[in-house]
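[1] sequence unknown, structure follows:
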C-alpha cells in the first residue's frame, strides 16, 4: 500500500518482531475461512465503520480498492450502516470513506 501512514511504518520498523507476529495472525485468519479477498475487505471495512475507527476505515478503503472493489461498492457499505449504526455514525464513516476515494 503506497499510502500507509508514517506512524504505521515507524511501528513496523521499531517493533519488527511484534509486527511480524501480528502480520502472521492476520494471514492466518484470512486463510481460515471461505470468504474471498473482496468479501473479507468489505467485512473488515464494515467492522472498522462499526467501531468508529477513522484510521481503520481509511486503511480498509485502500485495501478494498486494492482488492478490486469499486468506489460505489465501498460507499454501499457505508450506506448499509444507516439502520444499524444510525445516521450520525454513518455520516462519519462516509466522510472517512470519501477522504480516500476523492
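    Yes, it's here. As the structure is a computational prediction, the values presented were derived from the model and not from experiment.
[2] which residues does the worst-scoring helix or strand of the chain on mean pLDDT contact?
    Every helix and strand in the chain was compared by mean pLDDT, DSSP states H and E; the lowest is helix 6-14, with a mean of 93. With contacts defined as C-beta atoms under 8 Å, 6 or more residues apart in numbering, helix 6-14 is touched by residue 19. Every residue, glycine included, has its C-beta placed from N, CA and C.
[3] what's the next secondary structure element after it?
    Stepping forward along the backbone from helix 6-14, the first helix or strand reached (DSSP states H and E) is helix 16-31.
[4] ok, residue 93 - contacts?
    If you count contacts by C-beta under 8 Å, 6+ apart, residue 93 has them with 49, 52, 57, 78, 81, 85.
[5] and the pLDDT for it?
    In this prediction, residue 93 carries a pLDDT score of 97.
[6] quick one, phi/psi of the residue nearest in space to the middle of the chain?
    In the chain, the residue lying closest to the centroid (C-alpha atoms, centre = their mean) is residue 60, at 1.8 Å. As for residue 60, its main-chain torsions (degrees, to the nearest 10) stand at phi -80, psi -20.
[7] can you tell me which residues contact the residue lying closest to it once chain neighbours are set aside?
    The shortest distance from residue 60 to any residue other than its chain neighbours is 4.1 Å, reached at residue 45 (C-beta to C-beta, 6 or more residues apart in numbering). Residue 45 makes contact with 57, 60, 61, 63, 64, 74, 77, according to C-beta under 8 Å, 6+ apart.
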